[in-house]
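Novice: Have a look at this prediction, sequence included:
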Amino acid sequence: MKRLLWVVLIVVFLSGCSEISQSLEQPVDPNDTTTVTIEVTPGQTFNAVAKELSDKKLISSAGALRNYVEQHELGSQLQVGTYQISPSMDIATIADILTEAPIVAETVTITIPEGFENVDVIARLQEYGFAQDVEAFNDILENHPFEYDFLEGIDRSFKLEGYLFPDTYEFFADASDLDVITKMLDNFDLKYTPEMRLRADELGMSTNDVVTLASIVEREARKREEFSIVAGVFQNRIAIDMPLQACSTVQYILGERKWVLSIQETQIESPYNTYQIPGLPPSPIAQPSQMAIEAVLYPAQTDYLFFVVANLGDGSHLFATTYEEHLANIAISEENLQKAIDEANE
């Protein structure tokens, strides 16, 4: 009788193990079709791939994949390549994908320059078949529940202007808009380093403060060597509650990059008009480069409060501490411009 009882218990136990094993082989989330790129490199084993898939929440258990591979004798059939795996896939599907020669996915390379506004980014993406539904694209920017710590406290109604990091990207041709945006935000998360975040805290600046001022520096400073000086000028103005008077913020309102603004344009009522309001506008006005962000975090220590383009053809500026010096620099700038015009007409 005892022997029969043990046999029954063993059968029940094994049956339970089978059910558990089968449950672990099911998709993590059948409704989540978001794909994650998995790279299988030469010499990599199924054990390593299984751990990566488990760490990225693409499978319920690394052991379940290892057991499946062992049961079906697939251990030697892992293929080197790039794969798109989603939580909606079960273990059998994932194993099949990883053991078949990967299809070489078509990719596109897109450059997002520094200083691009969101509208420019969207227009550039549309050239390559992305962001065709602008309203849907903006809805992702405004409402998708991204879990980046740098977005904590950010007003999403401004559609993440300033956070679509400018760089050269390689996207899969069939990538979704969410994939595209996520890759840009991943890049921002990488480039805005822990050291930068610590420095921002030391300066008493929020991430949005840093990115907003950096976006203005990006649009105002034409010569890379002057980024930190221009950033210092703006920091000096903020310190004494003096309006930034940045033309770029008015250009943002106008939707046009006019290098000469009229008096009426500098009087437009808007929270972005830094001729009328002290301090920073409510959000960035463009995508700043890492150099512009660094310039804001480590500005040049000067007494300058003014600058004007030198009109020497190299993008340099003339800087001044007093308004009288600034007026003199404006005169020099105008002389340089007239000289350049005369030489062009000769």
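Specialist: Done, it's in. Residues are numbered from 1 along each chain as shown.

Novice: Now R199. Nearest residue, chain neighbours left out?
Specialist: The spatially closest residue to R199, leaving aside those adjacent along the chain, is L297, at 4.6 Å (C-beta to C-beta, 6 or more residues apart in numbering). In short, each C-beta sits where N, CA and C put it, glycine included.

Novice: Let me see the contact set for that neighbour.
Specialist: For L297, the contact set (C-beta atoms under 8 Å, 6 or more residues apart in numbering) comprises M196, R199, A200, L203, V210.

Novice: And the pLDDT for it?
Specialist: pLDDT recorded at L297 is 98.

Novice: Quick one: the helices in the protein, in order.
Specialist: 2-24, 46-55, 62-71, 91-99, 118-126, 134-143, 177-191, 194-203, 207-220, 227-239, 247-254, 290-297, 323-345 (DSSP state H).

Novice: for those helices, which one sits closest to E161?
Specialist: Ranking these by proximity to E161 (C-beta to C-beta) places helix 118-126 first, at 5.1 Å.

Novice: Would you indicate which residues of that closest one are buried?
Specialist: The neighbour-count criterion (16 or more other C-beta atoms under 10 Å) identifies N118, V121, I122, R124, L125 as the buried residues of helix 118-126.

Novice: Tell me the one of those residues nearest A50?
Specialist: Set against A50, the nearest of those by C-beta to C-beta is L125 (35.0 Å).

Novice: V180 is in contact with that closest one, correct?
Specialist: Yes - the pair L125 / V180 is scored as a contact, 6.6 Å apart, by C-beta atoms under 8 Å.

Novice: Identify the contacts common to those two.
Specialist: Common contact partners of L125 and V180 (C-beta under 8 Å, 6+ apart): A131.

Novice: neighbouring contacts of stretch 59-77?
Specialist: The contact list for stretch 59-77, computed with C-beta under 8 Å, 6+ apart, reads 21, 23-26, 28, 46-47, 49-51, 53-54, 91-92, 94-95, 99.

Novice: Could you tell me the end-to-end distance of that stretch?
Specialist: By C-alpha to C-alpha, to the nearest Å, the extent of stretch 59-77 from end to end equals 20 Å.

Novice: Hmm, N138 is touching S157, no?
Specialist: No - counting by C-beta under 8 Å, N138 stays clear of S157, with 10.4 Å between them.

Novice: Looking at those two, which one has more neighbours?
Specialist: N138 (16 against 10; other C-beta atoms under 10 Å).

Novice: residue contacts, the more buried one?
Specialist: K159.

Novice: So for A48, what's the pLDDT?
Specialist: Per-residue pLDDT puts A48 at 91.

Novice: where does this protein have low pLDDT?
Specialist: Residues of the chain that meet the criterion pLDDT under 70 lie in 1-22, 101-105.

Novice: Kindly recompute the last result at 50.
Specialist: Along the chain, the parts satisfying pLDDT under 50 run over 5, 7-15, 17-18.

Novice: Sounds good, over and out.
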